[in-house]
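S.K.: Pasting the sequence and the predicted coordinates here, then a few questions.
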Amino acid sequence: MLELYGTRLSSHLLLGTARYPSPALLSAAVRASGCEVVTVALRREAAGERAGQGFWSLIRELPVQVLPNTAGCHTVKEAVTTAHMAREVFGTRWLKLEVIGEDDTLQPDVFGLVEAARILCAEGFQVFPYTTEDLVVAERLLEAGCELLMPWGAPIGSGRGLSNLYGLKCLRAHVSHVPLIIDAGLGVPSHAAQALELGFDAVLVNSAVAQAKDPVQMAAAFAQAVSAGLAARAAGPMEPRDFAAPSTPVIGTAFRG
Amino acid sequence: MNGAWHEVRAPQLAQALEDLGYGDSVVSTAVNGEFVAVQARALTCLCEGDRVEVLAPMQGG
């Protein structure tokens, strides 16, 4: 069971809603994943176009909670205003807070992130900050009022998996009392399993599912990987070692001695 | 509005949205970077050169 700001969830997989080949495939992928939370965004809507209205109708038919994001925001001001707009449209205090600092990697501007988190937490938002594995930034975000963190696995949409294993392990060890959700950069289900095996509480996946040849099958595969990772974590993985340790007993080995 | 210039007949944001065809669309608004709640749209007067954002739900990661 996963608890995010007091909301208990069965699924440890969160899904993004962007870049699917069609709305029907998005809907089918969400259902196949068994996820209970999907991320959504706000974008400019031309009068009479109503694209956003159709998308919103589709999402409301799904058995999920929405997690609005501030994707595309590069300043604290943009992120805070977008948060206010999202709260009104989506009717939730949840907010995936993104303040982008660099366009090639979409790396978070962690200084702006902490500042925006402080403002929004004080206003009653329940902030899901998209951050790095930096321990000091993590501490500042928790001090600001965040009750969970969303460290990146790798740059958004890169599909590279957990790029800085050491850093992420340190973060997990350092921040043991709040949920940590790996957000961004996962490419295949084994990346998700690895995250759960390492003790992360959940993963948020978008491009890896949406850009798969068969998004519905990939969504189901990620769900299985998350379950496998959780089960493995609970089972207590063995410690790796540098040299071999024979699994077959050596006592009574023929031709020796 | 949303990066393009429009002539609006009514100064109030609520009426301007209606005139431009947003009708009953689920949208959120900001004027010059400041959020304007639904309830405040009728009381918000637009001036020459104001920048209005009209945002709607969209796919996101």
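M.R.: Received it, and whenever you're ready, just let me know what you need. For clarity, every value in this text was computed on a predicted model and none was experimentally measured.
S.K.: Around chain A, which positions in chain B sit nearby?
M.R.: Within reach of chain A by CB under 8 Å from any CB of the partner chain, chain B has these residues: B:2-3, B:20-22, B:25-30, B:33-35, B:37-38, B:53-61. The C-beta positions use only the backbone N, C-alpha and C, and glycine is treated the same way.
S.K.: Show me those residues that map onto strands.
M.R.: When the residues of chain B next to chain A are checked against strands (DSSP state E), the matches are B:28, B:29, B:30, B:34, B:35, B:53, B:54, B:55, B:56, B:57, B:58, B:59.
S.K.: ok, back up a step: now that we have the residues of chain B next to chain A, which of them are buried?
M.R.: Burial of these was assessed by neighbour count (16 or more other CB atoms under 10 Å in any protein chain shown); the buried members are B:20, B:22, B:25-30, B:35, B:53-61.
S.K.: show me the contacts for residue 15.
M.R.: With no chain named, the answer covers chain A. Residues counted as contacts of residue A:15 (CB atoms under 8 Å, 6 or more residues apart in numbering or on different chains) are A:29, A:30, A:33, A:35, A:37, A:38, A:39, A:204, A:205, A:206, A:209, A:219.
S.K.: look at chain B instead
M.R.: Residue B:15 neighbours (CB under 8 Å, 6+ apart): B:8, B:9, B:42.
S.K.: go again using 10 Å as the cut-off
M.R.: For residue B:15, the contacting residues are B:8, B:9, B:41, B:42, B:46, by CB atoms under 10 Å, 6 or more residues apart in numbering or on different chains.
S.K.: ok, so of these, who is nearest residue A:191?
M.R.: Nearest to residue A:191, judged by CB to CB, of these is residue B:41 at 44.7 Å.
S.K.: which non-adjacent residue is nearest the closest one?
M.R.: residue B:14 (3.8 Å; CB to CB, 6 or more residues apart in numbering or on different chains).
S.K.: Wait, that neighbour touches residue B:44, no?
M.R.: Yes: using CB atoms under 10 Å, residue B:14 and residue B:44 qualify as a contacting pair, with a distance of 7.6 Å.
S.K.: Show me whatever sits in contact with both of those two.
M.R.: Taking CB under 10 Å, 6+ apart as the criterion, residue B:14 and residue B:44 both touch B:29, B:36.
S.K.: What is the burial count for residue 51?
M.R.: Here I'm looking at chain A. A count of neighbours around residue A:51, defined by other CB atoms under 10 Å in any protein chain shown, yields 14.
S.K.: looking at chain B here, not the other one
M.R.: That count, for residue B:51 with other CB under 10 Å as the rule, works out to 12.
S.K.: cool, residue A:20 as well?
M.R.: Around residue A:20 there are 22 residues (other CB under 10 Å).
S.K.: Next: residue A:216.
M.R.: Other residues within reach of residue A:216 by the criterion other CB under 10 Å amount to 20.
S.K.: Tell me the confidence at it?
M.R.: Taken from the predicted model, the pLDDT recorded for residue A:216 is 98.
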